[in-house]
Each structure stands twice: as structure tokens, then as C-alpha cells.
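In: Fold the following and give me the result.
(one chain, ligands or ions: 1)
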Amino acid sequence: MKITFIDPTQSVINYGLRALSQYLINANHEVKMIFMNQSSIQYDYDYPESIFEDLYEIVKDADIIGISFVSNYLGHSKSITKKIKDKFDKPIIWGGIHAIAAPEQSLEVADMVCVGEGEECMLSLLEKMETGGNLREVPNLWFKEEDTVVCNPTAHINPNIDDYSLPLYDNTREFVRQGNNIVPMEDSIRKQIIGVTTNYYDIEEKNTYPYLTLASRGCPNICSYCCNNLFRRIYKGKGKIIRRRSNTEIISELEKIARLMPYINVIEFFDDDFCFTDEETISEFARLYKQKINLPFRCNFRPESVTYEKLSLLSNAGLISVEMGLQSASARINRLFKRHFNKTSFMEAARVINKFEHIVPHYDIIVDNPFENYEDIKQTLRFISELPSPYRLAVYSLTFFPGTQLYAYAKENNLIEDEIKEIISKKNYVQHEFKQPYIKLLLLYVRRVGFKRSVTRGIFLILTNRLMMMIFDSFLFYPFWFIILYTKRVFSKIQHKEIQVIPS
Ligand code: B12
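Out: A predicted model of the protein is given here:
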């Protein structure tokens, strides 16, 4: 069967879609992928007509069209789906996190939705389409049948994700938006899109060319604002959610990538917890990575998984940057977030990281939380100020993504008035959300001063006094903070340094 996938988002990475595509190719299906490389997340964005003309040309021979996106691109996905539907009589299936989180809403536009991992669902769907089989037997598939929605059961989790591993990178099957056209992928275009001009990792080369992948799927945490909370509910009773690829598979993916994209100079592991495995596995990974890949790399982990021994192995292999979720230091907020946050173990992990001079830790913080009071904020700021420096902060504006427990809770509390404005087209980089500017400036300050001297800590304690925060965050001071926050210097510092475009 012939399938064309469209990714309407900004990112051309889409690890999940690429893994799914390779899986289908291995089963002898024909796959094309179109990346719209679209930075605007404006809900009712209008594509130029030339884009659709090119799109029609690419999808015209497909038996089925698949759209893969995160919630911010719901509007774009709707518009693409409607346009294709007007032109062709082809089934359209939606997949990816938004479709999983909001399948009923998705079925208002799409014909089918994949509510979970895509591999078994798509393979079975294509077989049924080929043989005229019963769609009710396709796992993870929801679809419309006359006026009703058919919700097929969730698939059992495949424990061996080596079956799914190598993501597809192939110029002959990829198309990408360039200006007002969609063109076949070329090496030079890929290089230009992947390249980042700010040297986020402080590596020697002027430009960073990162390659993003995952060594595992699933997370031990069930934070109420995160998709993993949703996955836990969907996959309840269907098998073990956290699975790790074998080290040899990971390395062979990276070897293939190094041949294909020799300019790649940093590897980014975006697993929720890269260290959620035993020391032996980390040790084997470190040895193979050093021997065969030997590029600087970054990863995320939870404080519970960090040990000096694991870090030492990873550090020798090239680890230069780690990201760890702090989010809030308030016990009350952590209950709401369903996080087992423990000040002592977080601090201990931070101290271990601090022993490795060339590893820069980034701690994730969540701001703009309507459930938080100044006491909670004070606890977070003061905890941050005690962390061993140097470190960087990655600050995110809390977004109630559909399907999460926190979304339901926010709805119950009438905190979501306009879903499109407050969730779908919200940019969750904090500088776009002009709320609590004083708190954001304090976060900037914490990161700057590093608290090597007791006098700066003293000033900080005064500045984070509850009364001080209440007064300075009042509307009276907004014009003042506005000027400070938006002067070019501070703005660019926030944009390029402290606040990174990395998911929480
Ligand atoms: C890696 C990652 C990134 C990377 C790469 C993104 C990418 N497109 O690959 C980077 C750093 C670029 C990134 C950026 C962002 N991310 Co991000 N990211 C992740 C992360 C950690 C892993 C995604 C992943 O690869 N999962 C593993 C693969 C195997 O799963 P998958 O992608 O869901 O794909 C499977 C299925 O969904 C299905 N499938 C997927 N597409 C399709 C299509 C069809 C037709 C079918 C049938 C099936 C199907 O099959 C796939 C294989 O089984 C997730 C959290 C998580 N643990 O999942 C957040 C997550 C996806 N990110 C999130 C967010 C918010 C963002 C940003 C908006 C953050 C920001 N402020 O900029 C941007 C948007 C990027 C964009 N697309 O434009 C949110 C999305 C929430 C939502 N409801 O939209 C998540 C869920 C984290 C969270 N907060 O819960 N992200």
C-alpha cells in the first residue's frame, strides 16, 4: 500500500513518525513523508495556494494519508485535512500526541485516529485495506462508521522496541516546505534546517548540528501535566510501558546517521529518563558510544536515577549537558503535579552532577501556574538559589494539554475559557506569556548570580520575600517590568540562554 504522512509542525525531527515509517517500509509498504516546517502556530493559518498544489501532487497516488502533530498544530492539521478531502476521496488518519489525547475531537475532521503507538495499528490497517478486512480488528484505531464512533481496543505493548527502532531518513521519500513550495529533501536543505546558530552546548564548532533520538519509550513518572500520565491510563493492563532499546541498536542507528549526515556534532537523547536502567547497561552503552560514535551528547534524567558511577561512565563517553525536571519545590504543588519530589535527593543529584565540571545541568521550572501562591513560588526560588552553581534554568509556562489529569482539573476549576487561545495557539516559552514578570526576572537573576557570595544570597532572600513578590508583581509595576523584560538585551538573553525551546 502507498501511504503519505504529513507533519504540519515546525520540527522536521518527528522521531515517532520516522520510526513508524521505517517499520512500514520494512513490511513492504511505500511511504512518503512531507514536513511542512511551519513555525507559526496561529490557529487559523492560511497556507499559500502553491503549497497545496505541491501537496496534491505528492499525495495524489497515496492509498491513505496520515497526519502527525502536537496540539499546537491542530488548526494546520484541520486545514490540510479539509483541503485534501475537498480534492480527493482518500481516507485520512490522524496520529501523534494530540490525536491520542483528543480522539473524539480529531474524528470531527479525520476519518480515523490512531490512539496510541502507531506501528501495529498502521500495519494492521494497511493489511485490512489491502485485503478488505474488518477495521474493527485494527488495534488502537478509532474511526467513524455512519454516525457512531468505533473505538477498537488498545494494542498490547510490544516489549521489544528494537523491532521499531531505526527512524527513516531518506531523501527519496522525504519532502519539505521551502518558502511557498514543497520540494524533495536534499542534503543541503536538511543540513540547513537541522543547524542551530546559537552554540547552546558550548561546543568548539561555531554551529550546532544536533541529532535527536530516544533510547527508550515511557517514563516512570506520571506527572499530571505530561503526556506520560495519559499513556499510563491508556495502556493500563496492556504491558510494561517503559522499554529500552538495546545498546547495539542505538549505536547502529547513530552509525547510520553519522554516515548520512557527517556534519552532526551533538547527539541529543530525549528520553524522559536516560538513566532509568542498571549500571551495566549504562557501562556497555558508554563503551560502545565512545568507541563508535564519540560525539558530545546530552540527555534528561530524574534525580532518582542519578549515581556518581553512572554519571562518571557517561561523562567519559562524552556527556556534556543534562536536563532534570525540578518544576516546583513546593510540596503542595508537587502533590498537584503528582511528582515524588524530594528536596534531599534532588540536591544530592545536583551535587553529583556538579562534580563533573564540563557537564552543564539545566533544571526545568514551571511558571504561570494558577494553582500556585507566593509561598509556593518562594519555596521554589529559594530552593533554586541553594543548588550548586553553575547551572541553567529552562523555564516553561504551564500549559493544560488535553488528555492530562491537570487539564481535567483545570476544566473543573473553570480555568480554561478559550482552549484555542490558552492551549492550542499558546507559545509555552515564557517570554510570550506576560504574567508574573517579577518572578521571571528573579529566575533570571538566580541563574546569573550563582550565589557564590553570601551578600548576593542575602539580597535574594529579601527579593523573594512574599510581601515583596506580591507588591512587585502587582499591575502597578507591570509597565516597569515590561520595559526591563523587553529591552533587547534582556529579551535576547532570555531567548537564547535561559529559556530554551525544550519540552518539559
Ligand atoms: C522528543 C520530543 C520533542 C523534540 C522532537 C519533537 C518531534 N516532533 O519529534 C523537540 C525537542 C523538538 C520537541 C519540541 C516540542 N515539543 Co516535544 N516532546 C518530545 C518527547 C519527549 C518525545 C516524543 C517522542 O519521540 N516520543 C516517542 C515516539 C515513539 O512517540 P510519538 O512521537 O507519540 O509517535 C508514535 C505515535 O504517536 C504514533 N504516531 C505519531 N504520528 C503518527 C501519525 C499517524 C498517521 C499515525 C497513524 C500514528 C502516529 O506512532 C509513533 C510511533 O509509535 C515528548 C514527550 C514524550 N515522552 O512523548 C514531548 C512532547 C511531544 N512535546 C511537547 C511539546 C509541547 C513540544 C513543543 C511545543 C515545546 C515547545 N515549547 O516548543 C515543541 C513542538 C515541536 C514541534 N513538533 O513543532 C508535548 C506535546 C503536548 C501536546 N499535547 O501537544 C509532549 C507530549 C511533552 C508533554 N508536555 O507532555 N519535542
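In: So residue 76 is in contact with residue 37, correct?
Out: No - if you go by CB atoms under 8 Å, residue 76 and residue 37 don't touch, sitting 11.5 Å apart. Every residue, glycine included, has its C-beta placed from N, CA and C.
In: ok, the two, which is more surrounded?
Out: Taking neighbours as other CB atoms under 10 Å, residue 76 and residue 37 compare with residue 76 leading, 24 against 17.
In: which residues does the more buried one contact?
Out: The contact partners of residue 76, by CB atoms under 8 Å, 6 or more residues apart in numbering, come to 8, 9, 36, 38, 45, 47, 69.
In: Swap in 10 Å and give it another go.
Out: Contact analysis of residue 76 by CB atoms under 10 Å, 6 or more residues apart in numbering lists 6-9, 36, 38, 40-45, 47, 67, 69.
In: next one: residue 228
Out: By CB under 10 Å, 6+ apart, residue 228 lies in contact with 218, 219, 220, 221, 222, 241, 242, 272, 404.
In: In strands, which of the residues you listed appear?
Out: Of the contacts of residue 228, none are assigned to strands by DSSP state E.
In: Tell me the buried residues within the residues you listed.
Out: Buried by 16 or more other CB atoms under 10 Å: 218, 219, 221, 222, 241, 242, 272, 404, out of these.
In: May I ask which two of these are separated the most?
Out: The most widely separated members of the buried ones among the contacts of residue 228 are 242 and 404, with 18.6 Å between them, by CB to CB.
In: quick one, phi/psi of whatever residue of the stretch 101-250 of the chain ends up closest to the ligand?
Out: Closest to the ligand within the stretch 101-250 of the chain is residue 118: 2.6 Å, counting by CB to the nearest ligand atom. Note on residue 118: backbone dihedrals following degrees, to the nearest 10 are phi -90, psi -20.
In: and the residue of the stretch 251-400 of the chain found nearest the ligand, how many neighbours?
Out: For the stretch 251-400 of the chain, the residue closest to the ligand is residue 270, as judged by CB to the nearest ligand atom, at 3.7 Å. By other CB under 10 Å, 18 other residues sit near residue 270.
In: Mind pulling the model confidence for the closest residue to the residue of the stretch 101-250 of the chain closest to the ligand other than its chain neighbours?
Out: Nearest in space to residue 118, with sequence neighbours left out and distances taken as CB to CB, 6 or more residues apart in numbering, is residue 20 at 4.4 Å. What the model reports as pLDDT for residue 20 is 98.
In: Number the residues from 9 up from this point.
Out: With 9 as the first residue, the last one maps to residue 28.
In: and residue 28, what helix or strand is that in?
Out: Assigning secondary structure by DSSP states H and E places residue 28 in helix 23-34.
In: Three-state assignment for residue 403, please.
Out: strand (DSSP: H, G, I helix; E, B strand; the rest coil).
In: Could you check which residue of the stretch 359-508 of the chain lies nearest the ligand?
Out: residue 409 (3.8 Å).
In: quick one, what contacts residue 21?
Out: By CB under 10 Å, 6+ apart, the contact list for residue 21 reads 15, 43, 175, 201, 202, 218, 219, 220, 221, 276, 278.
In: Would you list the buried entries among those?
Out: Buried, going by 16+ other CB under 10 Å: 15, 43, 175, 201, 202, 218, 219, 220, 221, 276, 278, out of those.
In: What about the buried ones among the contacts of residue 236, which are in helices?
Out: Residues of the buried ones among the contacts of residue 236 located in helices (DSSP state H): none.
In: Throw these into TSV and include distance to the ligand and pLDDT, thanks.
Out: Shown next, in TSV, are these (distance: CB to the nearest ligand atom, whole Å; pLDDT from 0 to 100):
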residue	distance to the ligand	pLDDT
226	8	96
227	6	96
229	10	95
230	12	94
249	11	95
250	11	96
280	5	96
412	7	96
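In: out of those residues, who's nearest residue 312?
Out: Closest to residue 312, out of all of the buried ones among the contacts of residue 236 and judged by CB to CB, is residue 229, at 9.2 Å.
In: picking that back up, give me the buried subset of the contacts of residue 84.
Out: Listed as buried from the contacts of residue 84 are 14, 15, 16, 17, 44, 46, 49, 51, 55, 75, 77; burial here means 16+ other CB under 10 Å.
In: okay, who's weakest in those by pLDDT?
Out: Least confident of the buried ones among the contacts of residue 84 in the model: residue 49, at 83.
In: Flag every residue of the stretch 159-308 of the chain that's near the ligand.
Out: 220, 222, 225, 234, 235, 236, 278, 280 (CB under 6 Å from any ligand atom).
In: Now intersect those with the helices, please.
Out: Per DSSP H, these map to helices at 235, 236.
In: of the residues of the stretch 159-308 of the chain next to the ligand, closest to residue 319?
Out: When those are compared against residue 319 (criterion: CB to CB), the nearest one is residue 280, at 17.6 Å.
In: Once you drop chain neighbours, what's closest to the closest one?
Out: residue 227 (3.5 Å).
In: pretty sure the one you found contacts residue 240?
Out: Yes - if you go by CB atoms under 10 Å, residue 227 and residue 240 touch, sitting 8.8 Å apart.
In: Can you give me the buried ones in stretch 263-274?
Out: Neighbour-count burial for stretch 263-274 flags 265, 266, 269, 272, 273, 274 (criterion: 16+ other CB under 10 Å).
In: List the buried residues of the helix holding residue 28.
Out: Quick answer for helix 23-34 (16+ other CB under 10 Å): 24, 25, 26, 27, 28, 29, 30, 31, 32, 33.
In: just these that are near the ligand?
Out: Filtering those for neighbours of the ligand using CB under 6 Å from any ligand atom leaves 24, 25, 27, 28.
In: I'd like these laid out as JSON lines, including distance to residue 144.
Out: Listed next are these as JSON lines, based on distance: CB to CB, whole Å:
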{"residue": "24", "distance to residue 144": "25"}
{"residue": "25", "distance to residue 144": "25"}
{"residue": "27", "distance to residue 144": "26"}
{"residue": "28", "distance to residue 144": "22"}
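In: what's the farthest-apart pair in those?
Out: Taking CB to CB as the measure, those have their most distant pair in 25 and 27, spaced 7.4 Å apart.
In: any common contacting residues for these two?
Out: 126, 175, 176.
In: just to revisit the earlier point, which ones among the contacts of residue 84 are found in helices?
Out: Among those, no member falls in helices (DSSP H).
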